[in-house]
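Got a sequence here, can you build the structure:
(chains A, B, C and D, ligands or ions: 4)
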Amino acid sequence: MSLEELTSPTARQDFIQLLDAEGNRVEHPDFRYTGTDDDLAASLRDMVLARRIDAEATALQRKGELGLWPPMLGQEAAQVGSAHAVGPLDEVVPSYREHGVAWCMGVDPLELLGTFRGTSMVDWDSRAKRFHLYSFVIGTQTLHAVGMAMAMQRDGLVGNDDPADNGAAIVYFGDGATSQGDVNEAFIFAASYAAPVVFFCQNNQWAISEPIALQSRIPLYRRAAGFGFPGVRVDGNDVLAVQAVTHWALERARAGEGPTLIEAYTYRMGAHTTSDDPTKYRRASELEEWKAKDPIARLTTYLRSTGAIDDAWSAALQDESDILAQRLRAGCTSLAEPQLADQWDRVYADLPPGLASQRDQYRAYAESFEEAR
Amino acid sequence: MSLEELTSPTARQDFIQLLDAEGNRVEHPDFRYTGTDDDLAASLRDMVLARRIDAEATALQRKGELGLWPPMLGQEAAQVGSAHAVGPLDEVVPSYREHGVAWCMGVDPLELLGTFRGTSMVDWDSRAKRFHLYSFVIGTQTLHAVGMAMAMQRDGLVGNDDPADNGAAIVYFGDGATSQGDVNEAFIFAASYAAPVVFFCQNNQWAISEPIALQSRIPLYRRAAGFGFPGVRVDGNDVLAVQAVTHWALERARAGEGPTLIEAYTYRMGAHTTSDDPTKYRRASELEEWKAKDPIARLTTYLRSTGAIDDAWSAALQDESDILAQRLRAGCTSLAEPQLADQWDRVYADLPPGLASQRDQYRAYAESFEEAR
Amino acid sequence: MSTMTMAKAINAGLRRALAADPKVLLAGEDIGKLGGVFRVTEHLQSEFGADRVIDSPLAESGIVGTALGMALRGYRPVVEIQFDGFVYPAFDQIVSQVSRMHFRSHGRLSVPMVIRIPYGGGIGAIEHHSESPEAYFAHTPGLRVVTPSTPSDAYWMIQQAIAADDPVIFLEPKRRYHEKGEVDPEAQPLPLHQARVVKTGQDATLLCYGPMVRTGVEAAIAAAEEGRDLEVIDLRTLSPLDDDTILTSVARTGRAIVVHEAAGSGGIGAEIAARIQERCFYALQAPVLRVTGYDIPYPPSRTEDGFLPDLDRVLDAVDRSLAY
Amino acid sequence: MSTMTMAKAINAGLRRALAADPKVLLAGEDIGKLGGVFRVTEHLQSEFGADRVIDSPLAESGIVGTALGMALRGYRPVVEIQFDGFVYPAFDQIVSQVSRMHFRSHGRLSVPMVIRIPYGGGIGAIEHHSESPEAYFAHTPGLRVVTPSTPSDAYWMIQQAIAADDPVIFLEPKRRYHEKGEVDPEAQPLPLHQARVVKTGQDATLLCYGPMVRTGVEAAIAAAEEGRDLEVIDLRTLSPLDDDTILTSVARTGRAIVVHEAAGSGGIGAEIAARIQERCFYALQAPVLRVTGYDIPYPPSRTEDGFLPDLDRVLDAVDRSLAY
Ligand SMILES: Cc1ncc(C[n+]2csc(CCOP(=O)(O)OP(=O)(O)O)c2C)c(N)n1
Ligand SMILES: Cc1ncc(C[n+]2csc(CCOP(=O)(O)OP(=O)(O)O)c2C)c(N)n1
Ligand SMILES: [Mg+2]
Ligand SMILES: [Mg+2]
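Ligands and ions are numbered 1, 2, ... in the order given. From the prediction side, this is the model:
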């Protein structure tokens, strides 16, 4: 597809789908899923386990073990499909709801919990995992991702003859985030420098209580065209389509063809966070409609229809999921308690003397206090 | 034109022109100039006088009477054409180079000088003139304009049956400004609320030393489509086209049809400001090319060809211009010197006691000092 | 007279302001149907309509910048920033535009705007949800910065802030949202820019505000048991500071301790200490001490109890002050 | 050893850093062909290429946010904010992201980034071009804030800031850009986070920084004529403050006067006064006095001479201090 075609508002790829809600594979003129059914079973496994992690964390919050949890229920295909397109030199920059992406990038889900339990800021080694820190100020991370992409250009990781030498960044954000100045500036910088970055917007229809219509009157993916790069909308509950589209966009980026905006059209089936009460602002019927489009159900239906998975496979996965859940429950309560005294050492690479003595005073005070008890 | 048509990147109105560089009127399928040649003569007069104000201010800066001046040379048609479309209930929100708009809105050009002489912050009565304060932090004023437009909606000034009851806001900004988060947020708020606002971007090809290509790889007017409202590019050196397009956009806004982005394609013929040296970053030949598209020259040619103006008309205008220039030169040096002691009273609507005593202490100190001399 | 939480008191104050003046508007993220994440604007949209209680796109600079535009046409916008840590995207609009429009126009224009910010820690939140940004605003000429500590003050101060013709940063101590107190809608409130002596005392002056007032009062009660008579002042206004109330008290007690959650360096306590020593130099029997958040970013919430000033840290400072 | 202006000294320091380390990058508006509006980056793009000296789109948040991303991949970006008044659009990225990435990652990531900001008044500029925003940054844990006052310091400090693994706000006193001084590229520079005693003295300590150091030195010379022996300290680092140098001096002289252009309320002077009275309580013979910009927005430039601290205002404060 030419850029003109891709940026035309009447382009036929308005909604890219390769697996419909009933679990039937459908054709798309421009995109196809190139993996095998076994690959899809691996995706299904990740989606199921991601959903389980999410469910357990939600339950842990209900039990008071976490202060907060932002559930990703319903967004499994968008997250797992895109994560499966990530290559070995790519960098992944999440927002705060990308538990499924984290899982695929090899982050121990226990490390996800620390942030929400209040035992840590962000626990995982973002460089080793190529999965950056969660980001809580809406939209800010899109600029960081563009900067990483600019760094990759300077590292000689873009447009090399051998595709194995190329890398790109992919950054996650929500539909609400598209209203932030930072996100639009990220579009501008990325376009201006043809930076190798994929903007992966999970349009889950809501920004807390605000419907997407408040942020944009037209489909979000069309935003990109006005900045001079392609935007596409993909069925975010179709893991095949998400992976195919993300693969294509990352390839473009790595090849030096610049940024792409992917709007993964999906739905936040749960609350915004465990503190939220969606009944205040949305119809129950809406959830019902989206349940019919469940990303896991449709993939299961499809893989069962092809015989790629069977009852035994599902039972084994259920076991694996139970073990994981068990590990999370046990691990959560035994996450190391943070020490305030340790926090000073993380403020500066070189702790200034004044701050060191503030820490020492705190320590002495805390100890004197302990002794006095 | 439908919104779809207007937002299509291949729409034929890519560059709206009604008077070509040689001074010939040309047809456009969608836009036409509805004024008479006398109206055009009035526009020419404003353009000539605006250019003269600009030239005098530049000269005053050279003589050390102003600290700085941002010349508008070359942008006369964009400014006068758009200002002539402003109606009696409209609000005009400028950036810092809109001396021609200021002139048309009835701001005494002497009041423009105070800011750049350092005698005042902003001198004119922005409410009485419906011409808001100059704004120096790039892009910020676009949000203020959208807020004013939202206020107009609440004032019942939008979409009334009698067009005379309707108003809108028009906000000016540069090509460089389009990269600021604020400007893009302004697009979002305006689109979301269908606010009656016209975004008037003077693309004068440069943001100080940065060419437009650094801010956008594609024509700027196309940015709007991605936000869900029309964007059009007009020959910014053609006062007929600018006025026709601005008139149309303001009418849309007043009628409740929401925002429009107008990209007035023009050229900054002078330096960015009197502190700038454009030879460092741009070819002399570029200026020559644009001289051939001079907005005043082409309108003069046209009006002479129709006989609407003649030598006598031009001579009278020259006299008027000389008198104005003379008034500026004399007036500039006699602008009242500001008093530091007066500044405290402008910080708060109700001066807090602590600040009042700070002012009094300053005054006492300054006086003691005067006495000691 | 009725008993209500601070969140409800602000809600009631907003309702009264909306009812009294059609020019009053609310804007912010999720303030409509949801009533804000703290429910402070609950039911107001259904009562006053979506034109007056406006759900805004997710962009703080846009919220503040458009509110400024509305203020310029005579409206009195009250915007909500969802959490303290999300005010920074609007910082430019606040410090370069909102705070200066009156000045820039030589007094011709005014910006009767209120920026409500739930602030402070102590609720076990994730990062960016426990910030105390008041010093940034207090250092910015043209802004007024106030913070209530009780439901009654919250009820009145929000109305006074809306009535003020200057832009007001209205800081709401979120961890006190659900504490209850008496609110008398017939009372004669204290002026907005006056501190309140919550408890008189002779031995030292505790200066606190917002979430720390309760801590200060508790400290005074505990100190009383040890025979120490502390004066507790609720600053209420952080900019401008109510010098009279502060200096009169310290001139008498000779000792002062400022308490706040924000980082100590460059915080409100620094300005207060600087003023007190400037103007009560001979009266001071001990240096002005500060009990504040440490000079580190807000730490993981399971360490916040140690980070935040508490009874013990305040009493420790009282001991140190009295030891001079 | 050569004589050059501060602008040229920073240029030379940047050049040396670019040449020494391929990871050093510059980014900002107009820094390429134009060499920046103050010509501080002049010729650097032609020498090091447009990939290392990057003209950025006109968006400060974007400039800082993308630089942070580059830093996370091992680059050492040095960004230029064109004027002090234009740093606020980047405030969120600076205070919520740049300053905290090290902390958020439990020390795993670092942000070796320099944010250069020409600051301060005295050049007859229009509004937003004469701001002194240092207190905002000094109140933000995780940032280092430094400012040179001479070409030699500028030359060395910019290189030290680039070499530092922490984010550094590098404030350049624009009205001193064209003043000349000696720069010795072979010298052994003072550490970045140390104040400098510019002139020793016995009677009182003048604490100043950036554009005000010259004013302080001139005041000391004038005071000497009246038989008053002032110590002048150039703070150089505003966060962290070099407590040792400051407190040692004031403990000896017993008197301190802080001078800065920024508004007094909540300025750097407040923190310094608070610290001095905390730690030199018995040594103080007079309150710490502050000579600062007034608590108003930067006024029209034709009144700036009265607004900015000058020789007379400093000497007046010295008189008042010595009168205690
Ligand atoms: C700058 C900023 N403003 C406000 C918030 C509060 N907030 C947290 S999540 C959220 C909604 C985000 O919606 P969206 O971008 O669609 O992502 P989603 O939560 O749906 O995944 C808001 C307003 C924030 N975190 N940061
Ligand atoms: C936020 C901000 N950043 C930087 C500047 C410095 N600056 C002043 S004008 C200008 C270029 C503006 O270009 P453009 O928007 O095209 O308007 P023009 O000057 O061409 O009319 C810049 C970078 C500023 N005024 N505000
Ligand atoms: Mg969403
Ligand atoms: Mg321009």
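
Got the phi and psi for residue 91?
Going with chain A. Torsion angles at residue A:91 (phi, psi; degrees, to the nearest 10) stand at phi -120, psi 140.

which residues touch the closest residue to it other than its chain neighbours?
In space, and not counting its chain neighbours, residue A:91 is closest to residue A:169: 4.5 Å by CB to CB, 6 or more residues apart in numbering or on different chains. Bear in mind the C-beta positions are built from the backbone N, C-alpha and C, glycine included. Residue A:169 sits next to A:90-93, A:145-146, A:148-149, A:152, A:195-198, A:253, D:69 when contact means CB atoms under 8 Å, 6 or more residues apart in numbering or on different chains.

With residue C:221 instead?
Residue C:221 makes contact with no residue under the criterion CB under 8 Å, 6+ apart.

near chain B, anything from stretch C:104-120?
Yes: using CB under 8 Å from any CB of the partner chain, stretch C:104-120 reaches chain B at C:104, C:105, C:106, C:107, C:108, C:109, C:110, C:112.

and these, which of them are in helices?
residue C:104 (DSSP state H).

in the stretch 1-150 of chain A, what residue is nearest ligand 3?
Per CB to the ion, the residue of the stretch 1-150 of chain A with the smallest distance to ligand 3 is residue A:97, at 8.4 Å.

First-to-last residue distance for stretch C:42-54?
End-to-end span of stretch C:42-54 (CA to CA, to the nearest Å): 13 Å.

Ignore what I typed, I meant stretch C:278-298.
Taking CA to CA, the first and last residues of stretch C:278-298 lie 31 Å apart.

quick revisit: of all pairs in the contacts of residue A:169, which one is the farthest apart?
For these, the farthest-apart pair by CB to CB is A:92 and A:195; their separation is 15.4 Å.

got the residue ranges for the helices in the stretch 101-250 of chain A?
A:109-117, A:126-129, A:140-154, A:181-193, A:212-215, A:223-227, A:239-254 (DSSP state H, counting those that start in this stretch).

got it, and the stretch 1-150 of chain C?
Listed in chain order, the helices of the stretch 1-150 of chain C (DSSP H, counting those that start in this stretch) span C:6-20, C:44-48, C:60-72, C:91-92, C:101-104, C:134-138.

can you tell me which of these comes nearest to residue B:371?
Using CB to CB, the nearest of these to residue B:371 is helix C:101-104, at 29.5 Å.

can you pull the contacts of residue 298?
No chain was given, so I picked chain A. Counting by CB under 8 Å, 6+ apart, residue A:298 touches A:19, A:20, A:21, A:22, A:23, A:237, A:238.

nope, chain C
Residue C:298 touches C:121, C:127, C:130, C:131, C:304, C:307, counting by CB under 8 Å, 6+ apart.

ok so, going back, quick one: which of the residues of stretch C:104-120 next to chain B is the most crowded by neighbours?
Among the residues of stretch C:104-120 next to chain B, the one with the most neighbours (other CB atoms under 10 Å in any protein chain shown) is residue C:104, at 25 neighbours.

Phi first, then psi, for the closest residue to it other than its chain neighbours.
Closest residue to residue C:104 apart from its sequence neighbours, by CB to CB, 6+ apart: residue B:121 at 4.6 Å. Backbone torsions of residue B:121, given as degrees, to the nearest 10, read phi -80, psi -80.

Report pLDDT for residue B:121.
Note for residue B:121: predicted pLDDT of 97.

what's the answer for residue A:10, then?
Residue A:10 is assigned 46 on the pLDDT scale.

burial count for the closest residue in space to residue C:159 that isn't next to it in sequence?
Nearest in space to residue C:159, with sequence neighbours left out and distances taken as CB to CB, 6+ apart, is residue C:13 at 4.9 Å. Using other CB under 10 Å, residue C:13 is surrounded by 25 other residues.

distance of residue C:13 from residue B:286?
Distance, residue C:13 to residue B:286, using CB to CB, to the nearest Å: 60 Å.

what's the answer for residue C:308, then?
61 Å.

where along chain A do the strands fall?
Secondary structure of chain A (DSSP state E): strands at A:91-93, A:169-174, A:197-203, A:206-207, A:210-211, A:231-235, A:260-265.

The top strand by length along chain C close to chain D?
In terms of residue count, the longest strand belonging to chain C (DSSP E) is strand C:256-263. Yes: if you take CB under 8 Å from any CB as the test, strand C:256-263 does meet chain D, through C:262, C:263.

Pull out the buried residues from that strand.
C:256, C:257, C:258, C:259, C:260, C:261, C:262, C:263 (16 or more other CB atoms under 10 Å in any protein chain shown).

now do stretch C:214-229
Buried residues in stretch C:214-229, counted by 16+ other CB under 10 Å: C:214, C:215, C:216, C:217, C:219, C:220, C:222, C:223, C:228.

Using TSV, please lay out those together with pLDDT.
Output for the buried residues of stretch C:214-229, formatted as TSV (pLDDT from 0 to 100):
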residue	pLDDT
C:214	98
C:215	98
C:216	98
C:217	98
C:219	98
C:220	98
C:222	98
C:223	97
C:228	97
